[in-house]
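Asker: this is a predicted model, with the sequence first.
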Amino acid sequence: MEDSLLATGYAPKDAPGSFDLPEPSWLLVTPMGHVIVLGEMKEGLWGAYRAVSGQWTRMAMGQTGGSLPCHAVLFGDFLLVAHYGDGSVTALRLEDDGLPGKAVTAIAPSPGAHAHGLVPLDSAHLLLIDLGREVLELYQSNSPSEVSLELKATLSLASFSGEGETRAIGPRHLAVHPKLPLAYVVTEYSNELLVVEMGLSPPRLKEKFRVSLLPAFWAEPSFAGTVKVSPDGNFLLATNRGHDSVVSFTLEEGVPTLPVWTSSGGKWPRDAALSGSGDSLAVANQKSDKVTVFGRDPKTGILTPRADYRVAGASCVVFGNDGAPTLDSFDNTL
């Protein structure tokens, strides 16, 4: 495998290979090699870890500055954290030692907001998906060295019934096309994929259309988990919690076509990650306590199960750079 593989989940702190942080639901790797883990608590926490002799060693810990942190990204010199509990986004500057500093507010809390996903478009622009207010927002940073996010465009994603009443769809995560000005949003409640056209000058967000992530015959409850676009921009993959599948679309000029469903390898595929080359897909099957790794044919998109790793309450999985710690280094047996 060309990239290392890391995962976390809602594991008891004494589970082998787990992080000693409460509710460790999300992780990412910094340029200096620290593994940053979010503790999804009422008063959010972050922990920074290194792997030492097959065990995670915590280097530092602090507060995220909001409630129920659920997602984080690197944005310039900052770690940006989205909070499901109060809807805020905070910014923590990465100091000279690579560790996060004090959290400051980048996007203020607001009533009914549940910030759930962040995607940087470049060094100055950022997309935010808000599950509570059911909006997609485009922000611009006015200074690379300071926290200053200015709202530039908002797109309401609300769905309307025949009687004109709104129907909650629960926009959850998003991905962007590597070559085209398109964003893809998956919805938790309606289990759909929304295709959004975007622009930076002038700032604009416009929904083009939406399609179901489920087969036509499926009538049981199901909730979208996450969405990824292949590095070459030719395929889109999304997970379905309930249908317990990965659906792969061919992207023809960015338009999703020819869906193919593959079993996720377990129950409740909460998260997924593509390797840098796109030839591997890892899926965090939360209710099966495992991460399933697939080989992926970059030309056809076909997925082939390759390996399973035991991760208690698997909630987030990432591919890191060569030389980073990997699931192979740990005993993740429950």
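Answerer: Yep, that arrived. Numbers count the residues shown, from 1 in each chain.

Asker: any chance you could map the strands in the stretch 201-334 of the chain?
Answerer: Assigned by DSSP state E, counting those that start in this stretch, the stretch 201-334 of the chain shows strands spanning 203-212, 223-229, 235-241, 245-252, 255-263, 269-274, 280-285, 290-296, 303-310, 314-319.

Asker: hmm, who's touching the first one?
Answerer: Counting by C-beta atoms under 8 Å, 6 or more residues apart in numbering, the neighbours of strand 203-212 from elsewhere in the structure are 136-138, 140, 152-155, 157, 182-183, 191-198, 256. Every residue, glycine included, has its C-beta placed from N, CA and C.

Asker: CA atoms only: put stretch 208-223 into PDB for me.
Answerer: Extracted in PDB, the C-alpha atoms of stretch 208-223 (Å, rounded to 0.1, in the frame of the first residue of the first chain):
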ATOM      1  CA  LYS A 208     -27.900  22.000 -10.700                       C
ATOM      2  CA  PHE A 209     -29.800  18.900  -9.800                       C
ATOM      3  CA  ARG A 210     -30.000  16.000  -7.200                       C
ATOM      4  CA  VAL A 211     -30.100  12.200  -7.500                       C
ATOM      5  CA  SER A 212     -30.800   9.400  -5.100                       C
ATOM      6  CA  LEU A 213     -27.800   7.500  -3.700                       C
ATOM      7  CA  LEU A 214     -30.000   4.300  -3.400                       C
ATOM      8  CA  PRO A 215     -31.200   1.600  -5.800                       C
ATOM      9  CA  ALA A 216     -34.800   2.200  -7.000                       C
ATOM     10  CA  PHE A 217     -36.000  -0.900  -5.200                       C
ATOM     11  CA  TRP A 218     -34.700   0.100  -1.700                       C
ATOM     12  CA  ALA A 219     -37.500   1.100   0.700                       C
ATOM     13  CA  GLU A 220     -35.800   0.700   4.100                       C
ATOM     14  CA  PRO A 221     -34.300   3.600   6.100                       C
ATOM     15  CA  SER A 222     -30.900   4.700   4.900                       C
ATOM     16  CA  PHE A 223     -28.700   7.800   5.600                       C
END
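
Asker: return the set of buried residues in it.
Answerer: Using 16 or more other C-beta atoms under 10 Å as the test for burial, stretch 208-223 gives 210, 212-214, 218, 222-223.
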